[in-house]
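**Student:** Okay, predicted coordinates and the sequence, questions at the end:
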Amino acid sequence: MHHVLRSLSIASIVGVIAATPIVILFATDSSFLQYAPRLIVVLMALVCPPWQLFWVVMGHPDDLSFVLRVCGAVLVLNAVLYAALGVLHALTPRLRPTIRHALMGVAFICLLVFGHLLFLQEPAGIYALLQPRAA
């Protein structure tokens, strides 16, 4: 059980690290998108499927607490997405390294595709949690 928790923790930390550049990008200066090489922006979006949640911010650009909630949600959701890879890694120690790496690569691609499909739909439950409360 200890090795499962360790793999899950490491994978979750990698998920947060993968989402951090895009969170910083949107939270600090979105005009960077106009000047950044498109390849950098595309690569960051590819490893962080919840990037679509940032489009929710567009209606509330001056609400700092809302921006912080969206950024936190993106970091947490990307960590959860990557956690599945940690569990898979921990549950396949007896496989040959080449098979294990191939399985992890396929699982990673599938999770990224799943994440993009899910978050492009702007799930209603997540959107409702992020909406600013009426005063």
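**Tutor:** Noted; the coordinates are in hand.

**Student:** lowest-confidence helix or strand of the chain?
**Tutor:** helix 32-35 (a mean of 60; mean pLDDT, DSSP states H and E).

**Student:** where's Ala83, which helix or strand?
**Tutor:** Using DSSP states H and E, Ala83 sits in helix 64-91.

**Student:** other SSEs contacting that helix?
**Tutor:** Counting contacts by 3 or more CB pairs under 8 Å, 6 or more residues apart in numbering; DSSP states H and E, helix 64-91 packs against helix 2-28, helix 97-120, helix 124-130. Every C-beta, even on glycine, is put in place using the N, C-alpha and C of the backbone.

**Student:** Excluding covalently adjacent residues, which one is nearest to Ala19?
**Tutor:** Asn78 (3.8 Å; CB to CB, 6 or more residues apart in numbering).

**Student:** just to revisit the earlier point, and the helices and strands packed on helix 64-91: which comes nearest Ala83?
**Tutor:** When the helices and strands packed on helix 64-91 are compared for distance to Ala83 using CB to CB, the nearest one is helix 2-28, at 4.7 Å.
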